[in-house]
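Chemist: coords please:
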Amino acid sequence: MYILGWDVDFGHMEAVNLISSPKYSEKQIGYLAVTLMLTENSELLRLVVNSMRKDLDDPNEIHNCLALHAIANIGGREMAESLANDVQRLLVSGRSSPFVKKKAALCLLRLFRKHQDVLHAQEWASKVLIMMDDHDLGVTLAVTTLVLALAQQFPEAYIGCVTEAINRMHKIVIEKEYSPDYVYYKVPVPWLQVKLLRLLQYYPPPEDRSLRSRLTNVLQTIINNAQDIPKNVQHNNAQNAVLFEAINLAIHLDPESEIVTQAAVLLSRFISSKETNIRYLGLETMTHLAGFAYSLDAIKKHQETIIQSLKDKDISVRRRALDLLYSMCDATNSRVIVSELLHYLTIADFAIREEMVLKIAILTEKFADDYSWYVDVILQLITIAGDHVSAEVWYRVVQIVTNIEDLQVYAARTVLNALKSPTCHENSLKVGGYILGEFGHLIANDPGCSPLEQFMALHSKFGMCTVATRALLLTTYLKFVNLFPEIKDEIIRVFKQYCYVLDVELQQRACEYLAIVTQPTDDLLQTVCEEMPPFPERESALLSRLQKKVHDTEDKRTWNIGGKDANKETPVARKTDRRRSTIKSSESLNLQSGGFTAGNGTSAANAGGGLDDLLGLADPMGPQINLDLFYNRLVIGTSGVLHEDQNIQIGIKSEYHNHLGRLAVFYGNKSMATIQNLDTSIQAGPESKITLVQPIASSIPPATQYHQMYNVECVNVLTDAPSLLVEYDIGGQPIHLSIRLPLVLTKFMSPVELSATDFFSRWRQIGGPPRENQVIFKSRGVIVVQKAKEILTGLHFGVLEGVDPNPNNLVGASIYSSIECGKVGCLLRLEPNLEQEMYRLTIRTTNDAVTAALTAQCEHSLQAEY
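Modeler: Predicted structure coming up:
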């Protein structure tokens, strides 16, 4: 009856009474009936809790197991609250048989997954972890399964599992200490090995050298054993299950290690395997590698094979190939990968089309060196994918076109051509309606782009689209009346026609818009149709949309699909970064003052030459150092020394793109004593947001250099430079430093090339004060025009040649980017008076605050000492 789906509403009390029977046969039937007929919310369960507790305390292991089965199957909240401690006590009891311990561990796992808040799992940690070293491998497997779930929820409480897991793996793989009963096709306890290897991925690499050595030895042995492919299918499956988990752990520990290099060779073989499961695992593991590898060259070698996997007969393999292409894409191969994905999109399964659309849109935006290519790809994407293109995609196109002034003409011309196509999709119509409404006037004088032709291109599709799109187009028509008064009569006829439609939204818009355009003056129309301001820069909504489509499994993922950028903020990455951060020799700064160049945490003396020669320590106090000189050089440069004294040398290396930046701060110990209790922080105003992404060790040995990394975001107009606060102890003496960081608004400017015509056209458009500021000031010494040009270039101005008739005058253009201000056009004219040794500086920008701050910065840099 139960199997057929009928509710069994009789015999409940009889079943409850049978549980209390001393006879095994009656007790078994009673437990079976209870688990089948009672739900976890049944009131009758209260009657059996005491009977279950008695059976858990019974010396008869059969009675223990019957109770454990019932608790796990029913899993009610009240049962968990009452019996969880009894089950845990049964697990760690020395009197319990291995048979009972295994069931107790799995019963606790079931209760934990259903009612995490009820179980006091953190209090059991020490007792449960001891069980991982049980002599019975079945118990170890069951307990490890439990610990794997608990460690994901309480990593700090269960950190002791790292030592236990490494020691157990060493016994199995190296010492071969296991029972023959647990050997599965020549592979010892593969299920336990897989769980132990996965468990270690939830923790950073161990600090203890002996443990690290043991773990490395285990992983190397697993890799070596996998060089030969077994002929037996079951043997091959078991070996590969352990191998892939070992590779994932090796990537987690150090993606640049020799083991990972060997694993990459194996993975290249696996992605070409005839076995579907092997191809799937090979592609997934290679995606993991792409998320952490310093270089993607080893993966790019197999780009053609990966692209071919998109056409695999198994959809799960096609999904993994898509994930890998998405993760391995960078500036060098983005166009090839995007082109291949667009080509495949036409024949892709409907189940993965939306995911493909999101990934193509994200990659195109991320690696677009030419935004005209971005517009072309997105319109092509909308045409191919059609209804699978989510609203977030065309929203993002509109944001980018609005924020990038140089793209607006091309975008308007391109969408107009797309609208004239008979196969134009509704999403293209939405993009075209918005862009032409905002920027159609920029192409109105081009052949085939007249106001009437723009209107007809949109209105010809008006009757075939949804109500939401029609509403958007009515708003576009209102903007057309403001931009193109010559087509006002045609648009009024449309408004009058839709004043009487049944849809309330369209009717209301048409009536309100008609009232606006028929006003005696255009004041209200111009106010309503003011140009849209730039959108604030924020994380693309496409990324959050894509993350919603990634379904997690029972075990938490230790990495994310999407390459290195997607894995910067993973919990494991953050924990790993707390280890001592040393820089590779290729990243070492060649700092001029003192010549400190040691990397990898090695002694500078060993890097070549004597210690005194490298660090300039012949004089303990060193020469007098002009810190303002360092600051001025870094304002117009990207790397160099920021601060130096007899103890420490601090340097920076930076890169910026639009409103984002990345800053590496290097600390070199010049003394013979260890720098201890090192603590650093950055004090910045609300105009910028500075986030620490890679901390630094708290101590620096003599003649050693470490570094830390920051991400920088420009929020508004930068007026004051942030301060770097450094505190440390050396020789028992506390040192406190406050250093200006050369983080000024020009760092977030991008040089622009303009013709003379374009420059003077924009110069006149901006106009005079307050968007113009002019200052006359004295030069520090003899004016050298070439030096002034180099300073302006360092301030990220594009110095324009042949614009000013006076060859000594300098003219520049740039774009300042910030989250709140968006894109701000900046123009400069510098007129040096060589005889009087004076400058006249004129700045014009589209933002009053930027004009004032930029004038002050340029004046300071032109007067500064270098």
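Chemist: Name the next helix or strand following the biggest strand by length in the chain along the chain.
Modeler: The longest strand of the chain (DSSP state E) is strand 822-833. The first helix or strand that comes after strand 822-833 along the chain, using DSSP states H and E, is strand 838-845.
Chemist: Would you give the sheet partners of that following strand, along with the direction of each?
Modeler: For strand 838-845, the pairing partners within the sheet under DSSP bridges are strand 772-778 (antiparallel), strand 822-833 (antiparallel).
Chemist: List the buried residues in the first one.
Modeler: For strand 772-778, the neighbour count (16 or more other Cβ atoms under 10 Å) marks Glu772, Asn773 as buried. Using the backbone N, CA and C atoms, a C-beta is placed for each residue, glycine as well.
Chemist: Name the residues that touch it?
Modeler: Outside strand 772-778, the residues within contact range by Cβ atoms under 8 Å, 6 or more residues apart in numbering are 766, 837-844, 851-852, 855, 859, 862-863.
Chemist: Can you go through those residues and name the buried ones?
Modeler: Ile766, Tyr839, Leu841, Thr842, Ile843, Arg844, Thr851, Ala852, Thr855, Glu859, Leu862.
Chemist: contacting residues for the third one?
Modeler: Contacts here follow Cβ under 8 Å, 6+ apart; on that basis Leu841 touches Gln774, Val775, Ile776, Phe777, Leu828, Arg829, Leu830, Glu831, Thr855, Cys858, Glu859, Leu862.
Chemist: and the fifth one, how many neighbours?
Modeler: Other residues near Leu828 come to 23 when the count uses other Cβ atoms under 10 Å.
Chemist: which residues sit in contact with it?
Modeler: With contacts defined as Cβ under 8 Å, 6+ apart, the neighbours of Leu828 are Leu792, Phe797, Leu810, Val811, Gly812, Ala813, Ser814, Leu841, Thr842, Ile843, Arg844, Cys858.
Chemist: what pLDDT does the residue nearest to Pro701 when sequence neighbours are not counted get?
Modeler: Computed as Cβ to Cβ, 6 or more residues apart in numbering, the closest residue to Pro701 that is not its neighbour in sequence is Thr674, at 5.4 Å. For Thr674, the model assigns a pLDDT of 87.
Chemist: Now do Thr674: how many residues are near it, please.
Modeler: For Thr674, the tally of surrounding residues (other Cβ under 10 Å) stands at 16.
Chemist: and it, what is it in contact with?
Modeler: Under the criterion of Cβ under 8 Å, 6+ apart, the contact partners of Thr674 comprise Ser699, Ile700, Pro701, Pro702, Ile730.
Chemist: Drop the exposed ones from those and show what's left.
Modeler: Burial by neighbour count, judged by 16+ other Cβ under 10 Å, picks out Ser699, Ile700, Pro702, Ile730 from these.
Chemist: do you know how far the first one is from Gln676?
Modeler: Ser699 is 5 Å from Gln676, where distance means Cβ to Cβ, to the nearest Å.
Chemist: What of the last one?
Modeler: Taking Cβ to Cβ as the measure, Ile730 and Gln676 are separated by 7 Å.
Chemist: same thing with the second one?
Modeler: From Ile700 over to Gln676 the distance is 8 Å, taken as Cβ to Cβ.
Chemist: got it, and Leu692?
Modeler: Separation of Leu692 from Gln676 (Cβ to Cβ) stands at 20 Å.
Chemist: Next up, phi/psi of Glu687, please.
Modeler: The phi and psi torsions at Glu687 (degrees, to the nearest 10) take the values phi -70, psi -10.
Chemist: Need the three-state assignment for the closest residue to it other than its chain neighbours.
Modeler: Distance criterion Cβ to Cβ, 6+ apart; nearest residue to Glu687, sequence neighbours excluded, is Asn716 at 4.5 Å. Local secondary structure at Asn716 is given as coil here, using DSSP: H, G, I helix; E, B strand; the rest coil.
Chemist: Report how many residues lie close to Ala849.
Modeler: When neighbours are counted by other Cβ under 10 Å, Ala849 registers 16.
Chemist: need the helix or strand of the chain with the lowest average pLDDT.
Modeler: One helix or strand of the chain scores below all others by mean pLDDT, DSSP states H and E: helix 611-615, with a mean of 30.
Chemist: Which stretches in the stretch 651-800 of the chain count as helices?
Modeler: Taking DSSP state H, counting those that start in this stretch to define them, one finds helices in the stretch 651-800 of the chain at 756-766, 785-794.
Chemist: for Asn237, what are its contacts?
Modeler: Applying Cβ under 8 Å, 6+ apart, we find Asn237 in contact with Asn277.
Chemist: Quick check: it is in a strand.
Modeler: No: Asn237 sits outside any strand when classified using three-state DSSP, being helix.
Chemist: hang on, the earlier thing: of the contacts of Thr674, which is the nearest to Gly661?
Modeler: Sorting those by distance to Gly661 puts Ile700 at the head of the list, at 25.1 Å, by Cβ to Cβ.
Chemist: now the buried ones among the contacts of Thr674 in CSV, with pLDDT and distance to Phe480?
Modeler: Conversion of the buried ones among the contacts of Thr674 to CSV gives the following (pLDDT from 0 to 100; distance: Cβ to Cβ, whole Å):
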residue, pLDDT, distance to Phe480
Ser699, 86, 67
Ile700, 89, 65
Pro702, 85, 72
Ile730, 89, 70
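Chemist: Looking at those, which are in strands?
Modeler: The members of the buried ones among the contacts of Thr674 that map onto strands under DSSP E are Ile730.
Chemist: from the buried ones among the contacts of Thr674, which is closest to Gly640?
Modeler: Comparing every one of the buried ones among the contacts of Thr674 with Gly640 (Cβ to Cβ), the shortest separation belongs to Ile700, at 19.8 Å.
Chemist: Just to check, the closest one is in contact with Ser671?
Modeler: No: the pair Ile700 / Ser671 is not scored as a contact, 9.6 Å apart, by Cβ atoms under 8 Å.
Chemist: Please enumerate the strands of the stretch 601-750 of the chain.
Modeler: With DSSP state E, counting those that start in this stretch as the criterion, the stretch 601-750 of the chain has strands at 639-644, 648-657, 660-669, 676-683, 688-694, 705-714, 723-730, 733-740, 749-751.
Chemist: okay, these in TSV with distance to Arg320 next?
Modeler: Putting the strands of the stretch 601-750 of the chain into TSV (distance: least, Cβ to Cβ, whole Å) gives the following:
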stretch	distance to Arg320
strand 639-644	40
strand 648-657	31
strand 660-669	31
strand 676-683	41
strand 688-694	29
strand 705-714	30
strand 723-730	44
strand 733-740	48
strand 749-751	38
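Chemist: nearest to Thr364, of those?
Modeler: Ranking those by their distance to Thr364 (criterion: Cβ to Cβ) puts strand 648-657 first, at 16.6 Å.
Chemist: Direction included, what does that closest one pair up with?
Modeler: Using DSSP bridges, the neighbouring strands of strand 648-657 in the sheet come out as strand 639-644 (antiparallel), strand 660-669 (antiparallel).
Chemist: Give me the distance from the shortest one to the chain's centre.
Modeler: Between the mean C-alpha point of strand 639-644 and the mean C-alpha point of its chain there is a distance of 30 Å (Cα atoms, centre = their mean, to the nearest Å).
Chemist: Output it as PDB - backbone C-alpha positions only.
Modeler: The C-alpha atoms that make up strand 639-644 are tabulated as PDB, following Å, rounded to 0.1, in the frame of the first residue of the first chain:
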ATOM      1  CA  SER A 639      56.900  52.100 -10.500                       C
ATOM      2  CA  GLY A 640      59.800  53.100  -8.300                       C
ATOM      3  CA  VAL A 641      60.900  53.900  -4.700                       C
ATOM      4  CA  LEU A 642      58.300  55.600  -2.500                       C
ATOM      5  CA  HIS A 643      60.200  55.800   0.800                       C
ATOM      6  CA  GLU A 644      63.700  54.800   2.000                       C
END
